[in-house]
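Undergrad: Provided below are the primary sequence and the corresponding predicted coordinates.
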Amino acid sequence: MINSLLMLGEISNSNKIAGIDIAVIAAYLIGIMLIGIWVGYRKNASSQQYFLAGKSLGWFSIGAALFASNISTLHLVGLAAAGNDSGMVIGNFEWMASFCLILLGLVFAPFYFKSKISTLPEYLEKRYSAQARTCLAVVAIFGALLIHIGISLFAGAQLFESFLGVPIIWSILIISGVTVVYTVLGGLKAVVVTETIQTFLLLGGAILIVVLGIQFLPECGIENYEQFKAKLKPDQMNMVQSIRDNNGHLRGFSWLAVLLGYPILGIWYWCSDQTIVQRVLGAKDLRAAQNGPLFAGFLKILPVFLMVFPGVIGYMMFSSNQINIPLKAEVRDKAIPFLMTNDAIQIADADDGKKLMKLGTEEVLIKKDDDKWVVADITDLADNNGSSERVKMTHFPEKFRKASVAALLDNQKYENEDNMLDYNKTLPVMIKKLIPSGYGIVGLLAAGMLAALMSTIAAALNSCSTLISVDIVKRFNPDTSDAKQVLIGRISAGVVMVLAILWSTQGDQFGTIFEAINKIPMIFAPAVTTVFLMGIFWRRGTNKAALATFAIGCAMGVVYFVMDMQSVGMAILDAPKEGFAGLVTDPVQGLGIPFMLAGPILFAVCMVIYIAVSLSTEKPDPKTIEDVCWDHPLAAITQGKVTGIGDPRVITGILLAIMVVLYLWLS
């Protein structure tokens, strides 16, 4: 593993990552793996010890683990990118999670804990039937494999390629190898303990970037808040946006889209996804099962300030010419034909039919791909000492970048430079500017990003092993021993990781990673949310209604997902425009419905199906649903006396009050 780490490439155009930074990263990887094995591994572990940490988790561990499982490298990169591009509005995905965590703590956790289940599909069997249990188990396994592990691996690998110069395949293999070892051997206990450690490291790294970014603002000509506001894009600091943009098109993150769309994804993710809720199932008592999610709700306030706001600072740095955001790869390639006709650029033949374009001391190697010239390699002839040794760069050389932007604007290929920029590079570029290499700080930040990624993957691996062992193997073979369940869980985690590695290499087939992780769940989230929400609140809901909702709802989700894929729409349309977004999403050549509004439409159809089938089929036996369904919707709040400041209802009131104040402040 250490030999692989020594393959880390450049962090800047010409400076290689310092040895001390490599040592910090290596020490972290080895240390977290050993800690996970030490706290979690038991040679003769029971299934409850391995899958549910022996039901010993307190509220702090549950809350920290929920937060760490959710916050991945994708958040660090994606939220900073969105802060630079769209502004604080993307923070709604963090703050709306707090409301869903309130639902988990007050509404769902009491039944999950009291019914002594090991998995959420097991709850559906108690509420509906064994068939419903199987449906959710299959959905949960595929969701964990495709989204939590596969797409997260791809996102992390892309970051480390641009940040540290590590090839994507090596990043995937190194991260996967370390994570799978301590997760397979240590079980949920290892996952939760390492997640708690990684939460502090993650937040510490984020705080450091914010502090250094604020301290750098005077270099951007910003000395006070009035100057800061004057340099913002319109609505960049607003969390609430209008329903339509200046062109009359529906906004993807308007207040209506967030209000209606996020709960569909949020209830599935926070209240019914095994990867997340498994921490609650390992609680030592009911109070811990309820207050853990509420503690996570408080933690979810932080990413808006520690992960989205740095992107706003990045915009200030970019607009003041303190940093350069690289062009998107496809934009770069589109500029090549125009650059080849630029008189200031010299072109010479190179090996293997390639050509070398030179502009001053910078040069770019291009090659033919499907009869089009595209970038083959990026180099710079000058290092810090002015020597002519060729050094591989991690982004397009600056002179070529400026020439590309000018050529594309002159030829009206893009309306403005904003549409050309790869905002996902905001965080790596800021780190490179703000933090000097050679003091171990860069390595510490890299370790923080590794922590975020590994927490997400470890959580998903553990949930997959639990689902396969408990909901599939144990259900179809009830005589399976505890020891065999644990062994099957360990083997299945390894198999799932291999499949996820293969799938992660296909991550670039989607428009953006952010779209991928939200559109893929739209296949099944509306159906799952309907079945859980109605199942826990409406005693009249029947098994046949749940099965019909799963079948029809997921089928509709697949149709929506396929029809909105860019490649499908481009194959159907005669002349798709540049930047075509899909037959459903695109506002010009499609229906103009953002995915955050498509979700509520699918959810509404699922609700109609569930209610109609329930009313047309026989009522469930009241005795069978006595312990898995509330008497009425307000029972979660009104049942029992309030017992003090530690009562979940009191904590909920405090959290709600804070959220209202924050939204009023940033609206």
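TA: Noted; the coordinates are in hand.

Undergrad: please, where are all the strands along this structure?
TA: 346-349, 355-359, 362-369, 372-380, 391-392 (DSSP state E).

Undergrad: now residue 432: how far from residue 118?
TA: 46 Å (Cβ to Cβ, to the nearest Å). Glycine gets a C-beta too; all of them are placed from N, C-alpha and C.

Undergrad: same check, this time on residue 175
TA: From residue 175 to residue 118 the distance is 28 Å (Cβ to Cβ).

Undergrad: with residue 481 instead?
TA: 15 Å.

Undergrad: ok, those two, which is more surrounded?
TA: Between residue 481 and residue 118, counted using other Cβ atoms under 10 Å, the more crowded position is residue 118 (23 against 10).

Undergrad: per-residue pLDDT of the more buried one, please?
TA: The model reports residue 118 with a pLDDT of 78.

Undergrad: all numbers from here: first residue = 55
TA: Happy to do that; since the first residue is 55 now, the last one works out to residue 172.

Undergrad: test my guess that it contacts residue 520.
TA: Yes - between residue 172 and residue 520 there is a contact at 6.6 Å, judged by Cβ atoms under 8 Å.

Undergrad: and the helices in the stretch 355-504 of the chain, which stretches?
TA: Applying DSSP state H, counting those that start in this stretch to the stretch 355-504 of the chain gives helices spanning 356-357, 363-373, 383-393, 452-464, 480-488, 495-520.

Undergrad: ok, which of these comes nearest residue 83?
TA: helix 495-520 (6.9 Å; Cβ to Cβ).

Undergrad: compute the inter-axis angle for the closest one and helix 480-488.
TA: 150 degrees (axes from the mean of the first three to the mean of the last three Cα atoms, to 10 degrees).

Undergrad: show me what helix 495-520 is packed up against.
TA: Here helix 495-520 touches helix 73-94, helix 101-106, helix 113-124, helix 127-139, helix 206-218, helix 222-270, helix 328-335, helix 536-558, going by 3 or more Cβ pairs under 8 Å, 6 or more residues apart in numbering; DSSP states H and E.

Undergrad: list the buried ones in it?
TA: 495-520 (16 or more other Cβ atoms under 10 Å).

Undergrad: quick check: closest non-adjacent residue to residue 594.
TA: residue 668 (5.5 Å; Cβ to Cβ, 6 or more residues apart in numbering).

Undergrad: and that neighbour, how close does it get to residue 295?
TA: Applying Cβ to Cβ to residue 668 and residue 295 gives a distance of 37 Å.

Undergrad: one more: residue 594?
TA: Taking Cβ to Cβ, one finds residue 594 at 38 Å from residue 295.

Undergrad: look at these two and report which has more neighbours.
TA: The neighbour comparison of residue 594 against residue 295 (other Cβ under 10 Å) goes to residue 295, with 22 against 14.

Undergrad: wait, what's in contact with the more buried one?
TA: By Cβ atoms under 8 Å, 6 or more residues apart in numbering, residue 295 lies in contact with 143, 289, 305, 307, 308, 309.

Undergrad: go again using 6 Å as the cut-off
TA: Residues near residue 295 by Cβ atoms under 6 Å, 6 or more residues apart in numbering: 143, 289, 305, 308.

Undergrad: so how far is residue 320 from it?
TA: 19 Å.

Undergrad: now swap in residue 381 and tell me
TA: As judged by Cβ to Cβ, residue 381 and residue 320 stand 34 Å apart.

Undergrad: sorry, back to before: of the strands of the chain, which is nearest residue 479?
TA: strand 426-434 (13.6 Å).

Undergrad: what average pLDDT does that closest one get?
TA: Strand 426-434 comes out at a mean pLDDT of 68.

Undergrad: go on, stretch 391-405?
TA: 88.

Undergrad: now do stretch 350-358
TA: 93.

Undergrad: that stretch: end-to-end distance?
TA: Length of stretch 350-358, first residue to last, Cα to Cα, to the nearest Å: 14 Å.

Undergrad: also stretch 140-147?
TA: The first-to-last residue distance of stretch 140-147 comes to 13 Å (Cα to Cα).

Undergrad: got the contact list for it?
TA: Residues contacting stretch 140-147 (Cβ under 6 Å, 6+ apart): 136, 290, 291, 293, 295, 307, 312, 358, 362.

Undergrad: nearest to residue 554, of those residues?
TA: Lowest distance from residue 554 to those (Cβ to Cβ) belongs to residue 136, with 25.0 Å.

Undergrad: got the contact list for the closest one?
TA: Per Cβ under 6 Å, 6+ apart, neighbours of residue 136: residue 144.

Undergrad: so for it, what's the pLDDT?
TA: pLDDT, residue 136: 85.

Undergrad: ok, now how distant is it from residue 362?
TA: 7 Å.

Undergrad: go on, residue 662?
TA: Counting by Cβ to Cβ - residue 662 and residue 362 are separated by 36 Å.

Undergrad: about what we covered before: show me how to select, in PyMOL, the buried members of the contacts of stretch 140-147.
TA: Selection of the buried residues among the contacts of stretch 140-147 in PyMOL, burial being defined by 16+ other Cβ under 10 Å:
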select buried, resi 136+290+291+293+295+307+312+358+362
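
Undergrad: wait, which of the contacts of stretch 140-147 is closest to residue 386?
TA: residue 136 (21.7 Å).

Undergrad: if we can go back for a sec, including distance to residue 277, could the strands of the chain go into TSV?
TA: Shown next, in TSV, are the strands of the chain (distance: least, Cβ to Cβ, whole Å):
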stretch	distance to residue 277
strand 400-403	44
strand 409-413	37
strand 416-423	35
strand 426-434	35
strand 445-446	37
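
Undergrad: and for the closest residue to residue 411 other than its chain neighbours, the neighbour number?
TA: Leaving out its chain neighbours, the residue that sits closest to residue 411 by Cβ to Cβ, 6+ apart is residue 418, at 4.8 Å. By the measure other Cβ under 10 Å, the count of residues near residue 418 is 25.

Undergrad: hmm, residue 667 and residue 602 touching each other?
TA: Yes - the pair residue 602 / residue 667 is scored as a contact, 4.8 Å apart, by Cβ atoms under 6 Å.

Undergrad: hey, C-alpha coordinates of stretch 399-415 in PDB?
TA: What follows is stretch 399-415, C-alpha atoms only, in PDB (Å, rounded to 0.1, in the frame of the first residue of the first chain):
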ATOM      1  CA  ILE A 399       0.200  29.200 -32.000                       C
ATOM      2  CA  GLN A 400       2.900  27.100 -33.600                       C
ATOM      3  CA  ILE A 401       2.000  23.600 -34.600                       C
ATOM      4  CA  ALA A 402       4.500  20.800 -35.200                       C
ATOM      5  CA  ASP A 403       4.200  17.100 -36.000                       C
ATOM      6  CA  ALA A 404       4.700  14.700 -33.100                       C
ATOM      7  CA  ASP A 405       5.000  10.900 -32.700                       C
ATOM      8  CA  ASP A 406       2.100   8.500 -33.500                       C
ATOM      9  CA  GLY A 407       0.300  11.000 -35.700                       C
ATOM     10  CA  LYS A 408      -0.100  13.600 -32.900                       C
ATOM     11  CA  LYS A 409       0.600  17.300 -33.100                       C
ATOM     12  CA  LEU A 410       2.300  19.600 -30.600                       C
ATOM     13  CA  MET A 411       0.800  23.100 -30.200                       C
ATOM     14  CA  LYS A 412       3.100  25.700 -28.700                       C
ATOM     15  CA  LEU A 413       2.200  29.200 -27.300                       C
ATOM     16  CA  GLY A 414       5.200  30.800 -25.600                       C
ATOM     17  CA  THR A 415       6.600  28.400 -23.100                       C
END
